[in-house]
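Visitor: Model the structure of this input:
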Amino acid sequence: MIRPALALLALASLSGCGDGDREARRARLGPEPTLEARMSVADPAAGASVFGPCKACHTIGRGGPDLAGPNLHGVMDAPIGQRLARYGATAALRSVGGTWTDAAMDRWLADPARFAPGTKMIFPGIPDALARADLIAYLRTQSR
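Guide: Prediction:
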């Protein structure tokens, strides 16, 4: 008979908790991977975990409400700072122009204040380049 605690432990190990292949993916990339290389191994499921803290200010489901930040469904390939009339993006973000490409989102997620000086978003950025690629891959799954 399997004890309940052992059964839960076994289920947790099989459920893919965390990103057990992160280090293997990182090793395949080498020391200075390009964004294209990172995106080739990006894992949207790992990106969903990276998105966890974002939920404090953003929803992502289609038609979801704006919170302190806008709903992010459909953000990829949308105009930067112009997409949602119901959410007033800061002038700093609107002034960046362009669209939310993988490269633009990577720069934003790395350091929002540097990407759009004067932005109202209080977020220090994600220093881990592979985590950013995972998050971008997840955002792409939520942009269809």
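Visitor: And residue 41, how close does it get to residue 109?
Guide: The gap separating residue 41 from residue 109 is 17 Å, by Cβ to Cβ, to the nearest Å. Quick note: C-beta positions are derived from backbone N, CA and C, even for glycine.
Visitor: Who has more neighbours out of the two?
Guide: A direct count of neighbours by other Cβ atoms under 10 Å for residue 41 and residue 109 places residue 109 higher, at 23 against 18.
Visitor: Quick one: list the elements packing against the helix or strand hosting the more buried one.
Guide: If you go by DSSP states H and E, residue 109 is part of helix 102-110. The elements that helix 102-110 packs onto, with contact taken as 3 or more Cβ pairs under 8 Å, 6 or more residues apart in numbering; DSSP states H and E, are helix 35-41, helix 112-115, helix 129-141.
Visitor: thinking residue 67 is in contact with residue 59, fair?
Guide: Yes - the pair residue 67 / residue 59 is scored as a contact, 6.3 Å apart, by Cβ atoms under 8 Å.
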